[in-house]
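Engineer: Sequence and predicted structure below; questions after.
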Amino acid sequence: MPNLLETAGRGTLDRLGYVGSLNIQLWATLRGMRTALPFIGNRHRWRAAVHQMLEIGVDALPMVALLAVCSGFILAMQGASELRRFGALHYVIDLVAVGFTRELGPLLTAIAVSGRSGSAFAAEIGTMKVTEEIDALKVMAFEPVEFVLAPKYLAALVAVPCLSIVSNFFGILAGGLFMFFSTRLGLLLYFHYVLTSIELRDVLAGLIKALAFATIIAHVGCLEGFRVRGGPEAVGRSTTMAVVRSTFLVIVADAIFTTIFYFVGKT
Amino acid sequence: MSIISVRDLVVEYDGRRVLNGLNLDVEPGQITVLLGGSGSGKSTLLRQVLGLERPKSGSISIKGTEVTSCSKAELTKVRRSIGVAFQSAALFNSLSLEENVALNLREHTALAPTIIDLIVWMKLAVVGLADFGKLHPQELSGGMKKRAAVARALALDPEILVLDEPSAGLDPIVAAELDELILFLKETFQITALVITHELPSAFRIADRIAMLFNGQLLAVGTKDEIQASQHPRVRQFLNRVPENPVHAPAVAAYFERYVQNQEANS
């Protein structure tokens, strides 16, 4: 029976191996990304990337918008219930605006994209492995990373920040609607206050997070797909693992970025 | 001179030896059939020849290039001279039949789209699927998928055609049609073919030379007549379809009798 130290050691090695695989895959994708770029790359890869952008971005718009509206209302109401006691109801505007721009917009988007597209990446690539399509690509002298992964990664890098901006807008709009119904504050005036409360730094912090989340979702999803061994049941497992691991890593990355921005913002 | 030459090939998976010092020569312009039972190492040898895996030791030379140690660029060059039809066909499900066949031409040549369309039509016509180009793989029968895989393998007019279990899972009529297609390709295009199968009628119909594989080693290599005349016990067992572990009916009956008695005694 393995002792505790042995189990912990094996678990640590497995996780280090996973992170190593992610890094190797990221590096290979960055080297192959040129092929997916417009004008200088391969037009078929670029077309595939645009197709992926539509699937990751446009198709997820209603879901992300609805998530943001609900979360915006929740944040505004929870904030208002406490701030009202101190006569500081107007700070709800700052809470919603800054909260969404820096934090909730990118995070909600990442969770939605992880569930929709991260799992889809794992299922698609996993199925391609099971049906020998990845091997077929190799023997047809294609590089699977360039052919399959690069368009998906490029699409995620474009779509996730765009969706984050949409999420910010709808979340802040929900806050505005709450303020209108609770204090009769006009929407135009509300947005004026929003623009005075957020800084460019907040927007950039949110976008940097969105890029990091896009990287995590695309690479975890694809790596889980490439690691599929066996039959269809392995594809199902990889899909679940893609969502679980990418959501976990997104939240860990969010904590790290927030800590960095907190200390950078203080100086 | 052999177009494919395998020397002292040793392949191990987790310490388990799958190919054990295998030697094989594939002569140009001939159909070489690799015959063997399940688990004999046929598919492993195929993956080695295609450069999908690296062996523990030994060498594989294709058209003078050592694929076990060559550079990526050299391997890509070799792969472009090989057409492969996988056992599962491995057609890209997201692409139509035409697009599957056109993929290699679009990506690896500078041919005009009209020329590519013409070549695709010709390749599909060769395998009798000219009227089905707009269909997707999931809309095809098993036999049609196998023929479509051959059409895709022929796209770049390869010197070597590798077919993995082309008639597995097909009814005898469709399997015979596929055999005729392979013979037609050999006679028309002077193609070199390496066919992996365990179907005896198919092997003896199409083969110029047969290599018989068992437990990771070649038992016999020769013409159809030489293999038929072989007195090697394992070859005879395979050709005469003698079961390895015959079902012993009295023993099974005795087991069931004991089982029923135990059940009755326990109840």
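Structural biologist: That came through fine.

Engineer: Low-confidence regions, the chain specifically.
Structural biologist: If you meant another chain, say so; for now it's chain A. Across chain A, the ranges flagged by pLDDT under 70 are A:1-2, A:266-267.

Engineer: meant chain B, my bad for not saying
Structural biologist: Low-confidence segments of chain B (pLDDT under 70): B:245-249.

Engineer: Please, where are all the helices along it?
Structural biologist: With DSSP state H as the criterion, chain B has helices at B:42-49, B:72-79, B:97-108, B:113-126, B:142-153, B:172-189, B:200-206, B:224-229, B:233-239, B:249-266.

Engineer: again with the stretch 51-200 of chain A
Structural biologist: With DSSP state H, counting those that start in this stretch as the criterion, the stretch 51-200 of chain A has helices at A:61-83, A:91-98, A:105-113, A:119-130, A:133-139, A:144, A:150-183, A:187-197, A:200-226.

Engineer: So what's the residue count around the nearest residue to residue B:244 once chain neighbours are set aside?
Structural biologist: Using Cβ to Cβ, 6 or more residues apart in numbering or on different chains and skipping residues adjacent in sequence, the residue nearest residue B:244 is residue B:237, 7.7 Å away. Yep, even glycine has a C-beta here, placed from its N, CA and C like the rest. Neighbour count for residue B:237, taken as other Cβ atoms under 10 Å in any protein chain shown: 14.

Engineer: Might you report the residue contacts of whatever residue of the stretch 101-250 of chain B ends up closest to chain A?
Structural biologist: Scanning the stretch 101-250 of chain B for proximity to chain A using Cβ to the nearest Cβ identifies residue B:104 as nearest, at 5.6 Å. Residues counted as contacts of residue B:104 (Cβ atoms under 8 Å, 6 or more residues apart in numbering or on different chains) are A:140, B:152, B:155-156.

Engineer: helix or strand for residue A:262, which one?
Structural biologist: In this structure, residue A:262 sits in helix A:232-266 according to DSSP states H and E.

Engineer: And that helix, what does it pack against?
Structural biologist: helix A:105-113, helix A:119-130, helix A:200-226 (3 or more Cβ pairs under 8 Å, 6 or more residues apart in numbering or on different chains; DSSP states H and E).

Engineer: so which of those is the most packed in?
Structural biologist: Greatest average neighbour count among those goes to helix A:105-113 (a mean of 27), per mean count of other Cβ atoms under 10 Å in any protein chain shown.

Engineer: on that earlier part again, any chance of a ChimeraX selection covering the buried ones in the contacts of residue B:104?
Structural biologist: Those of the contacts of residue B:104 that count as buried under 16 or more other Cβ atoms under 10 Å in any protein chain shown are selected in ChimeraX with:
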select /A:140 /B:152,155,156
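
Engineer: Most widely separated two among the contacts of residue B:104?
Structural biologist: Farthest apart among these by Cβ to Cβ are B:152 and B:156. That separation is 9.7 Å.

Engineer: what do these two both touch?
Structural biologist: Counting by Cβ under 8 Å, 6+ apart, the shared contacts of residue B:152 and residue B:156 are B:83, B:104.

Engineer: ok now do the residue of the stretch 51-200 of chain B found nearest chain A, which residues does it touch?
Structural biologist: Using Cβ to the nearest Cβ, the closest approach of the stretch 51-200 of chain B to chain A is made by residue B:90 at 3.9 Å. Residues near residue B:90 by Cβ under 8 Å, 6+ apart: A:131-133, A:135-136, B:149.

Engineer: can I get these in CSV with distance to residue A:103?
Structural biologist: Formatted as CSV, these follow (distance: Cβ to Cβ, whole Å):
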residue, distance to residue A:103
A:131, 41
A:132, 44
A:133, 39
A:135, 43
A:136, 44
B:149, 50
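
Engineer: if we can go back for a sec, can you tell me which of the helices of the stretch 51-200 of chain A comes nearest to residue B:78?
Structural biologist: So among the helices of the stretch 51-200 of chain A, helix A:133-139 is nearest, using Cβ to Cβ, at 10.0 Å.

Engineer: Let me know whether whichever helix or strand comes after that closest one sits next to chain B.
Structural biologist: Sequence-wise, the next helix or strand downstream of helix A:133-139 (DSSP H and E) is helix A:144. No - judged by Cβ under 8 Å from any Cβ of the partner chain, helix A:144 stays clear of chain B, getting no closer than 11.4 Å.

Engineer: same for helix A:144, what does it pack against?
Structural biologist: When contacts are defined as 3+ Cβ pairs under 8 Å, 6+ apart, helix A:144 sits against helix A:133-139.

Engineer: is the helix it packs on anywhere near chain B?
Structural biologist: Yes - Helix A:133-139 lies within reach of chain B by Cβ under 8 Å from any Cβ, at A:133, A:135-136, A:138-139.

Engineer: In contact with the residue nearest the centre of chain A, which residues are there?
Structural biologist: Closest to where the C-alpha atoms of chain A average out (Cα atoms, centre = their mean) is residue A:110, at 2.8 Å. Contact partners of residue A:110, counting by Cβ under 8 Å, 6+ apart, are A:160, A:210, A:213-214, A:216-217, A:247, A:250, A:254.

Engineer: Equivalent analysis for residue A:173, please.
Structural biologist: Applying Cβ under 8 Å, 6+ apart to residue A:173 gives the contacts A:69, A:72.

Engineer: Let's see that with 7 Å instead.
Structural biologist: residue A:72 (Cβ atoms under 7 Å, 6 or more residues apart in numbering or on different chains).

Engineer: Residue A:206 too?
Structural biologist: Counting by Cβ under 7 Å, 6+ apart, residue A:206 touches A:101-102, A:105-106, A:164, A:168.

Engineer: Mind doing that once more with 10 Å?
Structural biologist: A:98, A:100-107, A:109, A:161, A:164-165, A:167-168, A:198, A:257, A:261 (Cβ atoms under 10 Å, 6 or more residues apart in numbering or on different chains).

Engineer: Also residue A:109?
Structural biologist: Counting by Cβ under 10 Å, 6+ apart, residue A:109 has contacts A:57, A:60, A:63-64, A:67-68, A:159-168, A:206, A:209-210, A:213-214, A:217, A:250.

Engineer: I'd say residue A:250 and residue A:107 touch.
Structural biologist: Yes - using Cβ atoms under 10 Å, residue A:250 is in contact with residue A:107, at 7.3 Å.

Engineer: Now for the two: what residues contact both?
Structural biologist: Common neighbours of residue A:250 and residue A:107, using Cβ under 10 Å, 6+ apart, are A:209, A:213.

Engineer: The closest residue to residue A:220 other than its chain neighbours and chain B, how far apart?
Structural biologist: Excluding its sequence neighbours, the residue lying closest to residue A:220 (Cβ to Cβ, 6+ apart) is residue A:246, at 4.0 Å. According to Cβ to the nearest Cβ, to the nearest Å, residue A:246 and chain B sit 23 Å apart.

Engineer: what's the neighbour count on residue A:246?
Structural biologist: Other residues within reach of residue A:246, judged by other Cβ under 10 Å, total 29.

Engineer: cool, and residue B:34?
Structural biologist: Using other Cβ under 10 Å: residue B:34 sits among 29 other residues.

Engineer: Could you do residue B:177 as well?
Structural biologist: Neighbourhood size, residue B:177 [other Cβ under 10 Å]: 17.

Engineer: Name the nearest residue to it, sequence neighbours excluded.
Structural biologist: Nearest in space to residue B:177, with sequence neighbours left out and distances taken as Cβ to Cβ, 6+ apart, is residue B:143 at 7.2 Å.

Engineer: which non-adjacent residue is nearest residue B:194?
Structural biologist: Once flanking residues are discounted, residue B:194 sits nearest to residue B:162: 4.9 Å by Cβ to Cβ, 6+ apart.

Engineer: what's the one you found in contact with, if anything?
Structural biologist: Applying Cβ under 10 Å, 6+ apart, we find residue B:162 in contact with A:139, B:4, B:26, B:34, B:46, B:49-50, B:82-86, B:153, B:192-196.
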